[in-house]
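*Asks:* only geometry, no sequence info:
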């Protein structure tokens, strides 16, 4: 549930003492900042996934991007995506990118 900062501020001003109001607003601001940071991280991860998917399609053809591979990309960590993207440069096959023993 999204609560606008103005709504929280309005409720705090109408119902709380100054010290409690400051505590509530500080907490609300921290939660808002946390949400922004999480959104940015998620956006970066999705961007990496999208770039890697385009690179794989360009290198190995669109038909290589089956549902299994797309799910693997969606569930990957940032580090995995970065490693796989680097491996595209030297990989002879798509399996070389996703195999643990492939060169980094």
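*Replies:* Received, thanks. Note that the structure is a prediction, hence the values are computed from the model and not measured.

*Asks:* count of residues packed around residue 94?
*Replies:* The local packing of residue 94 (other Cβ atoms under 10 Å) involves 18 other residues. Using the backbone N, CA and C atoms, a C-beta is placed for each residue, glycine as well.

*Asks:* That one against residue 60, yeah?
*Replies:* Yes: if you go by Cβ atoms under 8 Å, residue 94 and residue 60 touch, sitting 5.0 Å apart.

*Asks:* Roughly how far does the residue minimising distance to the centre of the chain sit from residue 59?
*Replies:* The C-alpha lying nearest the average C-alpha coordinate of the chain belongs to residue 42 (Cα atoms, centre = their mean; 1.9 Å). Per Cβ to Cβ, to the nearest Å, residue 42 is found 26 Å from residue 59.

*Asks:* ditto for residue 37
*Replies:* 33 Å.

*Asks:* tell me which residues in the helix or strand harbouring residue 95 are buried?
*Replies:* Using DSSP states H and E, residue 95 sits within helix 94-98. Buried residues in helix 94-98, counted by 16 or more other Cβ atoms under 10 Å: 94, 97, 98.

*Asks:* Looking at the residues you listed, which is nearest residue 84?
*Replies:* residue 97 (5.1 Å; Cβ to Cβ).

*Asks:* My read is that the closest one contacts residue 81, right?
*Replies:* No: using Cβ under 8 Å as the test, residue 97 is too far from residue 81 to be in contact (10.9 Å).

*Asks:* for this structure, what are the low-confidence residue spans?
*Replies:* Residues of the chain meeting the criterion pLDDT under 70: 1-14, 16-25, 27-28, 32, 101-104.

*Asks:* Run through the helices of it in chain order.
*Replies:* Ranges of helices in the chain, per DSSP state H, are 5-15, 18-60, 67-74, 78-87, 94-98.

*Asks:* tell me the angle of the fourth one relative to helix 18-60?
*Replies:* This means helix 78-87. Direction vectors for helix 78-87 and helix 18-60, defined by axes from the mean of the first three to the mean of the last three Cα atoms, to 10 degrees, enclose an angle of 30 degrees.
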